[in-house]
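Engineer: one predicted model, sequence on top.
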Amino acid sequence: MRGTHTFLLHEETVDFIIDAETYFNPPVLNIQQGGESIQHHFSNEQLAELEYKIRTYLDGIRYPETPDQQLLLHDECIAAIEEGIA
């Protein structure tokens, strides 16, 4: 079944709930916002792939308010080396 459903995620709180797999049903991802709800039936492998893709996306986001600790350490090392040479 194909279809497109759109939630305006900026307006309200969105709840994500995963109902565990049962003997008769696969795991169900429930996406709820206000009175609206979408249920996606996934296999465990599909849920794992979804988790991987979301984690990969989030790992790629750089937050400007969070300083890059490795970059700060690198800059401090370069400054220390330059002071030692001068």
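Structural biologist: Yep, that arrived.

Engineer: dump stretch 31-48 to CSV, restricted to CA.
Structural biologist: Written as CSV, here are the backbone C-alpha positions of stretch 31-48 (Å, rounded to 0.1, in the frame of the first residue of the first chain):
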residue,chain,number,x,y,z
ILE,A,31,3.7,8.0,15.4
GLN,A,32,1.2,10.1,17.3
GLN,A,33,0.5,13.8,17.1
GLY,A,34,-2.5,15.3,18.8
GLY,A,35,-5.5,13.2,17.7
GLU,A,36,-3.7,11.8,14.6
SER,A,37,-1.8,8.5,14.5
ILE,A,38,0.0,6.5,11.9
GLN,A,39,1.0,2.9,12.5
HIS,A,40,3.8,1.2,10.5
HIS,A,41,4.2,-2.5,10.7
PHE,A,42,7.9,-3.4,10.4
SER,A,43,10.1,-6.5,10.7
ASN,A,44,12.9,-6.3,13.2
GLU,A,45,15.4,-6.0,10.4
GLN,A,46,13.5,-3.0,9.0
LEU,A,47,13.4,-1.3,12.4
ALA,A,48,17.1,-1.9,12.7
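
Engineer: pLDDT on it, on average?
Structural biologist: The average of the pLDDT scores along stretch 31-48 is 87.

Engineer: okay, buried residues for that stretch please.
Structural biologist: 31, 32, 42, 47 (16 or more other Cβ atoms under 10 Å). Bear in mind the C-beta positions are built from the backbone N, C-alpha and C, glycine included.

Engineer: please apply the same query to stretch 17-29.
Structural biologist: 27, 28, 29.

Engineer: where's the last one relative to residue 15, distance?
Structural biologist: When Cβ to Cβ, to the nearest Å is applied, the distance between residue 29 and residue 15 equals 11 Å.

Engineer: quick one: the strands in the chain?
Structural biologist: 14-19, 28-33, 36-41 (DSSP state E).

Engineer: what is the mean pLDDT for the first one?
Structural biologist: Spelled out, that is strand 14-19. Mean pLDDT, computed over strand 14-19, is 87.

Engineer: model confidence for residue 76, exactly?
Structural biologist: As predicted, residue 76 sits at a pLDDT of 86.
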